[in-house]
Every structure is written in C-alpha cells, then in structure tokens.
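>>> need the 3D shape of this:
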Amino acid sequence: MARLTSVTDYDDICQLKYRYLRTLDTKDWDAFEACFLPEATGDYNGLVFDDRAALVSYMRENLGEGMLTMHQVHHPEITIEGDEATARWYLQDKVIVEAFRFMLEGAAFYTDRYVRTPEGWRVAHTGYRRTFELSYNLDDLPSLKVTGPGVHTHT
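Predicted structure coming up:
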C-alpha cells in the first residue's frame, strides 16, 4: 500500500508541475496562483520572490498580452517524505515578444519543494538555475513567421 501511495503522490506532483506550466503559458492567473501555498517562495536565477502574491503579481504584469511563452519540463527526480517532497526538473523554455522583435530560448534545472495540503500537493518553493540562454532579434531570422493568439504581424 505504501508503494501505491508513493506512485499516486509522484503522479500528483507531476500533474501539479504540468498545471503550473500550462497555466503560466496560457496566462490563467487564478489557476496559476492555486498551484502555490500562500507563503511559497521563488528564485528564478536570482529573481527572488518572498511569497505567492509577489510571484503571481510579477508573472501577471511581465508575461502579459503580446508575450508568447513555452515552458516544458522533463526528467523529474522526485523524492517524497510523508507530506513533503522535493523535485528537480529539466526545463526548456522559449519566450517570444513580437512587438520588440525578440526571442529567447533556454534551459535550466528547477529545484522545487512541495507540501501536501487538504486540497492536494502545493508548491512551497520553486526556482531554477540556467544552464544556457540564447537570444535572437527576429529581424535576423527573415523567414521566421510568428503566429498565435494575440500576435500582431510585424510590418
């Protein structure tokens, strides 16, 4: 039974991380906020947040309209100890800002902490350290065409 519970917890933590990424990329800020404990902290390569309100507010203000994002994680390394867990995830991400003719691609390793609550697992801390970043001026890629919701064609 303990093994079955461990597998269920592992799956639930994966689902939470995937929901965190989906709601970030789709800008579903209420659902994004629900992924975290109120006292959750964040540290994205030195960009530090002391609580959920500050983290969600920053994302809402800085990843808004006209900013396309893609965050994917894989290769989870999850350790569960009772009602707490830690995880390391390999991140690949992309950010496109058509209005500024800018694109960023990168990779990093997330290090997360989770706590089981009556509503399920929640993020207590999240953050990553970059392994690399690539940035592009979209004008340097003349055949590149950006399409998607909220994208206005550059003329």
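
>>> shouldn't Val97 be in contact with Thr69?
No. Between Val97 and Thr69 there is no contact under C-beta atoms under 8 Å: 9.7 Å. For the C-beta atoms, the positions are set from N, CA and C on the backbone; glycine is no exception.

>>> what packs against the helix or strand harbouring Ser57?
Taking DSSP states H and E as the criterion, Ser57 maps to helix 52-62. Helix 52-62 sits against helix 29-33, strand 36-44, strand 47-49, with contacts defined as 3 or more C-beta pairs under 8 Å, 6 or more residues apart in numbering; DSSP states H and E.

>>> mind listing what's buried in that helix?
Going by neighbour count (16 or more other C-beta atoms under 10 Å), the buried part of helix 52-62 is 52, 55-56, 59.

>>> and the angle from that helix to strand 36-44?
Here helix 52-62 runs at an angle of 60 degrees relative to strand 36-44 (axes from the mean of the first three to the mean of the last three C-alpha atoms, to 10 degrees).

>>> render the CA-only coordinates of the longest strand along the chain in PDB, please.
What stands out as the longest strand in the chain, according to DSSP state E, is strand 120-137. Taking Å, rounded to 0.1, in the frame of the first residue of the first chain, the C-alpha atoms of strand 120-137 are listed here in PDB:
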ATOM      1  CA  GLY A 120      -3.700  18.200  -2.600                       C
ATOM      2  CA  TRP A 121       0.000  19.000  -3.200                       C
ATOM      3  CA  ARG A 122       1.100  22.600  -3.500                       C
ATOM      4  CA  VAL A 123       4.300  24.400  -4.300                       C
ATOM      5  CA  ALA A 124       6.200  25.600  -1.300                       C
ATOM      6  CA  HIS A 125       9.200  26.800  -3.300                       C
ATOM      7  CA  THR A 126      10.200  26.900  -6.900                       C
ATOM      8  CA  GLY A 127      13.100  28.200  -8.800                       C
ATOM      9  CA  TYR A 128      15.700  27.400 -11.400                       C
ATOM     10  CA  ARG A 129      19.300  28.000 -12.300                       C
ATOM     11  CA  ARG A 130      20.000  28.500 -16.000                       C
ATOM     12  CA  THR A 131      22.400  26.200 -17.900                       C
ATOM     13  CA  PHE A 132      22.200  28.500 -21.000                       C
ATOM     14  CA  GLU A 133      20.200  31.200 -22.800                       C
ATOM     15  CA  LEU A 134      20.100  32.100 -26.500                       C
ATOM     16  CA  SER A 135      18.500  35.400 -27.600                       C
ATOM     17  CA  TYR A 136      17.600  36.500 -31.100                       C
ATOM     18  CA  ASN A 137      16.500  39.600 -32.900                       C
END
